[in-house]
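> Just to be clear, the model below is a prediction. Sequence and coordinates:
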Amino acid sequence: MSQNKDKGSSQALWVHIAITYGYVFLWITLSAAVILYNKWVLAYYAFPYPIALTMWHMFFCAGLASLIIRAGYVEPVKMNAETYVRTIVPIGFLYAGTLWLGNAAYVYLSVSFIQMLKASMPVAVFAVGCMFGTEYFTIPRLLNMLVIGTGIAIASYGEINFIWIGVVLQMSSVATESMRLTLVQILLQASMAGCGRLWRRGIKLNPITTLYLIAPCCFAFLCVPFAFIELPKIINDTSVKLSPLIFLTNAGAAFGLNMAVFLLIGKTSALTMNVAGVVKDWILILLSYLIYKAPVTAMNLEGYGLAFAAVCFYNFRKLQEMQAASRAPAASSKSGGISMVPVQDEESTRLLQDSKMGGTSSSTALAGSGGTPLSSRG
C-alpha cells in the first residue's frame, strides 16, 4: 500500500516537474517571439513607431484583462484612488519608459547587440540600489560591476552597426527598468515593515489583475510623447502599414508573454529563472544572426562572454547570500518547532507540495527578477 502511494507521489512529482519546465520553455519561446516580432514590425514592416506599438500592446492587454474580469473568470481587485496613485502610478510611469525606450532601440540596433547591452542591468540596479539603500556597497561588488561594464564596452567596440542613438535609447531603458525594480523593492520592504498600503490591506495580484491595473496607467503616460512625437509623423506617412492581422497577433504574443512570465515566477525558483534568461539571450543572439543576418563579430562574443561570466558570478553570489540569510532564521526557529526550507530546496519543495495538493496557488507582487511582468518587448 505504501509502495503504491510512494509510486503515485513520484509520478505526480515528475508530472509537475514536466509542467514547470514546460513553463520555462513557453516563456523562452514567447519572449524570443515577441522580441523578434517587434524587431520585424519596427524595422522591416514600415511601421517605425515604437510608442504607438507599445501603446497598442497596453491597450490590448488592458482590454483583454478587463473582459476576463467582467466575465467573472477572475475576481476584481478593490483599490481606492490613494492606493493606486501611491503604488501603481509610479511603477506604471517607469515601466512605460522602459517599454517605449526599449522598443525604440530595435529601430536602430540588432537584436543580438541589444541583448548584449541588456547585460548591464545588474550594474544599473546596483548603482540605483546603492543610491536608495536597497543594495550595499562593497569593493568586490564594485569590481564585479566593473568587469561587466568592461565586457559590454568590448562588445560595443566590436559592434559593426553601432548607432549612438540606439545605444542611448537602450541604456535609458535599462536605467528606467532599474529604477522600477528598486521602487518595487522599496515598496515590498515597506510592506514587510507594516507601512505598505497595498500588501497590508491584503490585496493580492494575479497576472490578469496586474495587467488590468498597470496597463492603462502605462497607456496614459505614453499618450503624451505619442501626441507630440509620433502622431504627426504617422498622419503624414503615406507608406505606413496597419494590417489588423499583424497587430492582433503581435499584441496577442505580448499578452501571452505576460501570462508566461507570471506562471514562471509562480512555479520556479530564482535560479531557474536566471538560467532560463541566459539561455534565452544566447538563443536570441543566434536567431538574430540567422533570421536578420545581423553581423556578430568575434569581439562581440568575447565582450559579451566576459560580461556574461561576470553576471553569472554576481547571480551566484546573490543566491549564496539568500541561502545564508535563510539559514539564519532557520537555526533560530528550531527551538520553536518551526521548520524553515533552505533556498536551494525552494523549487523542489514547491513541486512536492503541489503534487500533494493537486494544484498550485501563488500570489504575485509587482516585482521582477530577471523576468519582467507586464512585458511587451520580451
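Okay, I see it.
> low-scoring pLDDT stretches of the stretch 1-150 of the chain, where are they?
1-9, 13 (pLDDT under 70).
> which stretches of it form helices?
Under the criterion DSSP state H, counting those that start in this stretch, helices of the stretch 1-150 of the chain are mapped to 2-43, 50-70, 81-83, 89-105, 111-117, 121-132, 139-157.
> quick one: the last one to chain centroid distance?
With C-alpha atoms, centre = their mean, to the nearest Å as the basis, helix 139-157 stands 22 Å off its chain's centre.
> Need the contact partners of that helix.
113, 116-117, 119-120, 122-123, 126-127, 135, 162, 167, 299-311, 313-314, 317 (C-beta atoms under 8 Å, 6 or more residues apart in numbering). For every residue, glycine as well, the C-beta is placed using N, CA and C.
> Where does Leu242 sit: helix, strand or coil?
Put simply, Leu242 is coil when judged by DSSP: H, G, I helix; E, B strand; the rest coil.
> what's the nearest residue to it if we skip its chain neighbours?
Phe47 (7.6 Å; C-beta to C-beta, 6 or more residues apart in numbering).
> Torsion angles phi and psi at that neighbour?
Dihedral pair for Phe47: phi -140, psi 70, per degrees, to the nearest 10.
> count of neighbours near it?
23 (other C-beta atoms under 10 Å).
> isn't it right up against Val240?
Yes: with contact defined as C-beta atoms under 8 Å, Phe47 reaches Val240; the gap is 6.2 Å.
> Overlap in contacts, those two.
Counting by C-beta under 8 Å, 6+ apart, Phe47 and Val240 have no common neighbour.
> returning to what we had before: if we compare the helices of the stretch 1-150 of the chain, which one ends up closest to Lys293?
Counting by C-beta to C-beta, Lys293 lies closest to helix 111-117 out of the helices of the stretch 1-150 of the chain; the figure is 10.8 Å.
> neighbours around Lys78, how many?
By other C-beta under 10 Å, 8 other residues sit near Lys78.
> Which SSE is immediately downstream of the helix or strand encompassing Asn250?
For Asn250, the enclosing helix or strand under DSSP states H and E is helix 244-267. Next helix or strand after helix 244-267 toward the C-terminus (DSSP H and E): helix 270-291.
> Report all helices and strands that that next one contacts.
Other elements packing on helix 270-291 under the criterion 3 or more C-beta pairs under 8 Å, 6 or more residues apart in numbering; DSSP states H and E are helix 2-43, helix 111-117, helix 244-267, helix 298-333.
> will you turn the ones you listed into JSON lines that also has mean neighbour count?
Converted to JSON lines, these look like this (neighbours: other C-beta atoms under 10 Å):
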{"stretch": "helix 2-43", "mean neighbour count": "16"}
{"stretch": "helix 111-117", "mean neighbour count": "25"}
{"stretch": "helix 244-267", "mean neighbour count": "19"}
{"stretch": "helix 298-333", "mean neighbour count": "16"}
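> what helices or strands is the helix holding Asn250 leaning on?
Helix 244-267 packs on helix 2-43, helix 50-70, helix 207-225, helix 270-291, going by 3+ C-beta pairs under 8 Å, 6+ apart.
> Any idea how far the first one is from the middle of the chain?
Per C-alpha atoms, centre = their mean, the displacement of helix 2-43 from the mean C-alpha position of its chain is 17 Å.
> for the third one, same thing?
Centroid separation between helix 207-225 and its chain, computed with C-alpha atoms, centre = their mean, is 16 Å.
> could you check the angle helix 89-105 makes with that helix?
Angle of helix 207-225 versus helix 89-105, following axes from the mean of the first three to the mean of the last three C-alpha atoms, to 10 degrees, is 70 degrees.
> could you check the angle helix 244-267 makes with helix 207-225?
Using the same axes, to 10 degrees: helix 207-225 against helix 244-267 is 130 degrees.
> What lies in contact with helix 207-225?
Applying C-beta under 8 Å, 6+ apart, the external contacts of helix 207-225 come out as 51, 54-55, 58-59, 61-62, 64-66, 68-69, 73-77, 79, 84, 88-89, 91-93, 95-97, 99-100, 205, 255, 258-259, 261-263, 364, 366, 373-374.
> Drop anything exposed from those.
For the contacts of helix 207-225, a burial check counting by 16 or more other C-beta atoms under 10 Å picks out 51, 54-55, 58-59, 61-62, 64-66, 68-69, 77, 79, 88, 91-93, 95-97, 99-100, 205, 255, 258-259, 261-263, 364, 366, 373-374.
> Test my guess that Val128 contacts Arg180.
No: between Val128 and Arg180 there is no contact under C-beta under 8 Å: 9.6 Å.
> Those two: who's more crowded?
Neighbours per residue, other C-beta under 10 Å: of Val128 and Arg180, the larger number sits with Arg180, 25 against 20.
> distance of the more buried one from Lys280?
Using C-beta to C-beta, to the nearest Å, Arg180 is found at 20 Å from Lys280.
> picking that back up, okay, the helices of the stretch 1-150 of the chain in CSV with distance to Ala227 next?
Below are those laid out as CSV (distance: least, C-beta to C-beta, whole Å):
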stretch, distance to Ala227
helix 2-43, 19
helix 50-70, 9
helix 81-83, 25
helix 89-105, 13
helix 111-117, 27
helix 121-132, 29
helix 139-157, 33
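> looking at the ones you listed, which is closest to Asn236?
Across the helices of the stretch 1-150 of the chain, Asn236 has its closest neighbour in helix 50-70 (14.0 Å, C-beta to C-beta).
> Show me the contact partners of that closest one.
So helix 50-70 is contacted by 38, 41-42, 47, 74-76, 96, 99-100, 103-104, 106-107, 208-209, 211-212, 215-216, 218-219, 222-223, 225-226, 229-230, 234, 247-248, 250-252, 254-255, 258, 374, 376-377 (C-beta under 8 Å, 6+ apart).
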